[in-house]
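Undergrad: just coords:
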């Protein structure tokens, strides 16, 4: 599956969270917890992946684009509650 994103959103995410969508291949997708996420301001379904990025807990908010791609919306460090979900699974 391809990873895609809006370039302006990538730059804004990098400035806000310090995480670059261009590095999403290094996110631990195979071991991530995938749960529904809140819909965006324009609606549409979103998912949240809670996993590891270079050994630390991270979050990717994304939407599925058919059977061909994942569109990245946000990539950031996990908060305390999200880290707890990973700890409970271990």
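TA: Nice, I can see it. No experiment lies behind these values; they were computed from the predicted model shown.
Undergrad: All the helices of the chain, residue numbers only.
TA: Assigned by DSSP state H, the helices in the chain fall at 7-17, 80-89.
Undergrad: buried stuff in the first one?
TA: When burial is assessed from 16 or more other Cβ atoms under 10 Å, helix 7-17 yields the following buried residues: 10, 13. C-beta here means a position set from N, CA and C on the backbone, and glycine is covered the same way.
Undergrad: looking at this protein, which helix or strand does the model trust least?
TA: Sorted by mean pLDDT, DSSP states H and E, the helices and strands of the chain end with helix 80-89, the least confident at a mean of 91.
Undergrad: Tell me, what's the model's pLDDT at residue 2?
TA: For residue 2, the model assigns a pLDDT of 91.
Undergrad: how about TSV for the helices of the chain, with distance to residue 64 added?
TA: Below are the helices of the chain laid out as TSV (distance: least, Cβ to Cβ, whole Å):
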stretch	distance to residue 64
helix 7-17	17
helix 80-89	20
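Undergrad: So for residue 68, which of the ones you listed sits nearest?
TA: helix 7-17 (19.0 Å; Cβ to Cβ).
Undergrad: I'd guessed residue 62 sits against residue 44; true?
TA: No - counting by Cβ atoms under 8 Å, residue 62 does not reach residue 44; the two are 11.3 Å apart.
Undergrad: So which of these two has more stuff around it?
TA: residue 62 (24 against 10; other Cβ atoms under 10 Å).
Undergrad: can you pull the contacts of that one?
TA: 46, 47, 49, 70, 71, 72, 73 (Cβ atoms under 8 Å, 6 or more residues apart in numbering).
Undergrad: who's the residue positioned nearest the centre of the chain bridged to?
TA: Most central in the chain under Cα atoms, centre = their mean is residue 60, positioned 0.7 Å from the mean C-alpha point. Applying DSSP bridges to residue 60 gives these bridge partners: residue 49, residue 75.
Undergrad: do the same with residue 70
TA: Bridge pairing for residue 70 - DSSP bridges - gives residue 3, residue 64.
Undergrad: Can you pull out the low-pLDDT segments for this structure?
TA: Within the chain, the stretches with pLDDT under 70 are 42, 90.
Undergrad: Please report how far residue 79 lies from residue 45.
TA: 22 Å (Cβ to Cβ, to the nearest Å).
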